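Enquirer: The following block contains a protein sequence and its predicted model.
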Amino acid sequence: MSSPVETTAQNLAADVRSGARSARAVLEEHLVVIESRDDEVHAFNLVLADEARASADAVDARVANGEDPGPLAGVPVALKDNLCTRGVPTTCSSRILEGWRPPYDATVVERLVAAGAVVVGKTNLDEFAMGSSTENSAFGATHNPLDLTKVPGGSSGGSAAAVAAGFAPLALGSDTGGSIRQPAALCGVVGVKPTYGAVSRYGLVAFASSLDQIGPFSRTVADSALVLEVIGGHDRRDSTSIHEPAPDLRSVLDRGVEGLRIGIIEELSGDGLEGIAGDVRARLHEAAAALEAAGATVATTSVPSTVYGLSAYYVVAPAEASSNLARYDGVRFGLRVDAPTSGDMHAATRTAGFGDEVKRRIMLGTYALSAGYYDAYYGKSQKVRTLLADDFARAYEEFDLLLSPTAPTTAFPIGEKTADPMTMYLNDVCTIPSNLAGHPSMSVPFGVGDDGMPIGVQVLAPATGEPTMFRAAAVLEASAPPGHPAVGGSVTGPTGGATA
Ligand code: GLN
C-alpha cells in the first residue's frame, strides 16, 4: 500500500513520468475505489471507465516511447458536469440537457488532457450550479463521504466528494458564489476560486457570467497550485480571460508568511454575524494564531459592505441566470416536450426540464430585471458591488491578505435545509464577497468541528494575488490540527485511512 504523500497528484505524476508506475495501474486502483463506494456517495453522474482506460494507456505509450506526457501524467481527474466534454453527455444535473453531447471540450479540459491527466468521470452538482448542498440535482443528492447522512456542500458537491472519497486526487468545479470553496470546506479538501478571468471559462455552461470561475479541488495545497498552473493563462476563446500567463504558484509555496499583514474580516468572523458556529470561529482564530506564529502580523479589520454581499448576489446571480438560461428552449439543446404551438412547446419543455430551484432563480431574476424594478434591484445591487470593491481596496492598503471562515457550519444533515431556501442561501455569506469583487480566495482544511467533521478557513486576496494567497495556504496546511481521518493526516492510499 502506498504511503500518504504518494496519493497526491504531484507524486502520482512523478511516478508515472519516471515509469515507476503505469497510468493504467493508477487508474485501475481508483476505479476500484469508485466501484466500491460511489453507489452510496453518488459523486458521479457518469464514470468514464473505458475512455479513461484508453487515455491512461495512451499516457503509458508515450512514456514507453521516451516522451514526457506532462505534469499531470496519469493523474485521474473528475470534472463537474457543467464542463463541456466532446461527445460525452454534459447534463448540469438537469433534465433539460437530456441527450445533449457537446461538440467541443472546455479549454480547461483540453489543458488538463494535454498535461497528461486522465478524465475519470463527470460529477454531480446542484442543477445548473444553483445550490449549496448538491441536493438540487435531477439525478439525486450526493452524500458526504465522511458521513453519508450529511451533505457534501454545493454546488460542486460531487467534485468535492470525489476527492474526499479518494475517487480521484483532483477535480474541477465552478464557483459563482462559493460552489468550490464551501463544498471543499465541508468535505475536508482544498478548493480554490481563482481571480475572475484567470482561468478560461470557454466550455463552462454559464450560470452568472460576471461571477462564474472554474477552479480545482485537491487534497493538498501544492496539488491545487499545480492544477492552476496547467489550466490558467490567457485563452482567446474567452473574452473575459486575462492577458497574462498563469502565475507560477508551486515555486512560492515554501516562502512562508514572514512579514505579511493578514486581516481577519470582522463582519464574517463570527462575533458580529449570526450563524457562524462556535467551533468554526475557534478554528478561524487558531488559524490566525498559526499565521502569526509563522511571522505574519494579524489583526481584525472591518470590511463593512461584506454584510450586503448575500443580498446583492441573490439579485445579480438570478438576473444573469434568467438571461443565460433563456437558451434552453426545446430547440437548441437537449429535451423537447412537443406541443401544438412553439410557445406551448417552450413552456412545456421548460416546465418539465427545470427543477424548482432553477425556476425560482429564473423568476427572481426576470422580476429583478423587469421594467420599473431594474434600478431598484439590479441597479442597486451593482452599486453594492462597487461599495464592496472600494471596501476591499481600502482593506488591501493595510493588509496583504484577509481571512474568514469558509462556511458558517460543518456539513449539515441531508434534507435539513431544503424546505427553506433562505437558510440554504446563508451558507454562502462568507464566500460571495470574493465573487462580487472578482478576487481570488481559497478554502484550506483546518481541523474538525465538535461533530468531528471538517472545517475550512478561507484566505482572500486582491485580484491576481494568488501567489501570496498560496503562501498563506501552505502555512495553514502545515500547521493545521488533525483533520478528518479519511482525508486529513492518516491517509493510507486512494481508499483513505478510515474506510480502507
Ligand atoms: N450556493 C450559491 C448559489 O446557490 C453559489 C452557487 C455557485 O457558486 N455556483 O447560487
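Expert: That came in fine, so what should we check first?
Enquirer: got the contact list for the residue nearest the centre of the chain?
Expert: Nearest to the geometric centre of the chain sits Ile180, at 1.9 Å (C-alpha atoms, centre = their mean). Listed by C-beta atoms under 8 Å, 6 or more residues apart in numbering, the contact partners of Ile180 are Ser156, Ser159, Ala160, Gly173, Ser174, Gly191, Val192, Lys193, Gly215, Pro216, Phe217, Ser443. (C-beta placed from N, C-alpha, C; glycine too.)
Enquirer: Kindly state the beta-bridge partners for Gly263.
Expert: Gly263 has the following beta-bridge partners by DSSP bridges: Ala299, Leu402.
Enquirer: Please enumerate the strands of the stretch 401-500 of the chain.
Expert: 401-405, 441-448, 454-460 (DSSP state E, counting those that start in this stretch).
Enquirer: Of these, which stretch is the most buried?
Expert: strand 454-460 (a mean of 30; mean count of other C-beta atoms under 10 Å).
Enquirer: What helices and strands are in contact with that one?
Expert: helix 181-187, helix 278-293, strand 401-405, strand 441-448, helix 466-479 (3 or more C-beta pairs under 8 Å, 6 or more residues apart in numbering; DSSP states H and E).
Enquirer: I'd like these written out as CSV, with distance to Leu460 and mean pLDDT added.
Expert: Below are those laid out as CSV (distance: least, C-beta to C-beta, whole Å; pLDDT from 0 to 100):
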stretch, distance to Leu460, mean pLDDT
helix 181-187, 10, 98
helix 278-293, 13, 97
strand 401-405, 4, 98
strand 441-448, 4, 98
helix 466-479, 8, 98
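Enquirer: which one of the ones you listed is the most hemmed in?
Expert: helix 181-187 (a mean of 36).
Enquirer: and the next element down the chain from that one?
Expert: strand 190-193 (DSSP states H and E).
Enquirer: Sort out which residues of that next one are buried, please.
Expert: Val190, Gly191, Val192, Lys193 (16 or more other C-beta atoms under 10 Å).
Enquirer: contacting residues around it?
Expert: 156, 160, 173, 175, 178, 180-181, 183-185, 213, 215-221, 223-224, 228, 431, 434-435, 440-445, 456, 473, 477.
Enquirer: Can you pull the residues of the chain lying near the ligand?
Expert: By the rule C-beta under 6 Å from any ligand atom, the part of the chain lying against the ligand is 129-132, 155, 174-179, 207, 317, 428.
Enquirer: For Ala246, give its distance to Tyr196.
Expert: Noted for Ala246: a distance of 15 Å to Tyr196, by C-beta to C-beta, to the nearest Å.
Enquirer: helices and strands of this protein: which one bottoms out on pLDDT?
Expert: Lowest by mean pLDDT, DSSP states H and E among the helices and strands of the chain is helix 421-425, with a mean of 89.
Enquirer: Residues contacting that helix, please?
Expert: By C-beta under 8 Å, 6+ apart, helix 421-425 touches Gly131, Ser132, Ser133, Leu310, Tyr314, Glu357, Arg360, Lys417, Thr418.
Enquirer: residues contacting the residue of the stretch 401-500 of the chain found nearest the ligand?
Expert: For the stretch 401-500 of the chain, the residue positioned closest to the ligand under C-beta to the nearest ligand atom is Asp428, at a distance of 4.7 Å. Neighbour list for Asp428: Ser132, Gly177, Gly178, Gln182, Leu310, Tyr313 [criterion: C-beta under 8 Å, 6+ apart].
Enquirer: Kindly report the same for Gly99.
Expert: Pro89, Gly334, Leu335.
Enquirer: where does the second one land on pLDDT?
Expert: In this case it means Gly334. pLDDT recorded at Gly334 is 94.
Enquirer: What's the local residue count around it?
Expert: Applying other C-beta atoms under 10 Å, we find 20 residues neighbouring Gly334.
Enquirer: Is it in contact with Pro102, as I believe?
Expert: No - counting by C-beta atoms under 8 Å, Pro102 is not a contact partner of Gly334; they are 10.9 Å apart.
Enquirer: how much space between Phe399 and the ligand?
Expert: 25 Å (C-beta to the nearest ligand atom, to the nearest Å).
Enquirer: Look at the closest residue to that residue other than its chain neighbours and say how many residues are nearby.
Expert: Nearest residue to Phe399 in three dimensions, chain neighbours excluded: Gly263, at 3.8 Å (C-beta to C-beta, 6 or more residues apart in numbering). Burial of Gly263 is recorded as 23 neighbouring residues (other C-beta under 10 Å).
Enquirer: Okay, helices next: where are they in the stretch 101-250 of the chain?
Expert: 107-114, 157-164, 181-187, 221-231 (DSSP state H, counting those that start in this stretch).
Enquirer: I'd like to know which of the ones you listed lies nearest to Val280.
Expert: helix 181-187 (9.1 Å; C-beta to C-beta).
Enquirer: Check which helices and strands that closest one is in contact with.
Expert: In terms of contacts (3+ C-beta pairs under 8 Å, 6+ apart), helix 181-187 is packed against helix 157-164, strand 190-193, strand 441-448, strand 454-460.
Enquirer: can you give me the offset of the last one from its chain's centre?
Expert: The chain centroid and the centroid of strand 454-460 are separated by 13 Å, computed with C-alpha atoms, centre = their mean, to the nearest Å.
Enquirer: Just checking: what are the partner strands of it?
Expert: Strand 454-460 is paired, per DSSP bridges, with strand 401-405 (antiparallel), strand 441-448 (antiparallel).
Enquirer: ok and the shortest one relative to helix 278-293, angle-wise?
Expert: Translated: strand 401-405. 160 degrees (axes from the mean of the first three to the mean of the last three C-alpha atoms, to 10 degrees).
Enquirer: Convert strand 401-405 to PDB, retaining C-alpha atoms only.
Expert: Only the C-alpha atoms of strand 401-405 are listed here, as PDB (Å, rounded to 0.1, in the frame of the first residue of the first chain):
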ATOM      1  CA  LEU A 401      -4.500  39.000   2.700                       C
ATOM      2  CA  LEU A 402      -7.800  38.600   4.500                       C
ATOM      3  CA  LEU A 403      -9.100  35.700   6.500                       C
ATOM      4  CA  SER A 404     -12.600  34.400   7.300                       C
ATOM      5  CA  PRO A 405     -14.400  31.100   7.800                       C
END
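Enquirer: what angle do that strand and helix 466-479 make?
Expert: 50 degrees.
Enquirer: Next: the longest one.
Expert: On the basis of the same axes, to 10 degrees, strand 441-448 is oriented at 10 degrees to helix 466-479.
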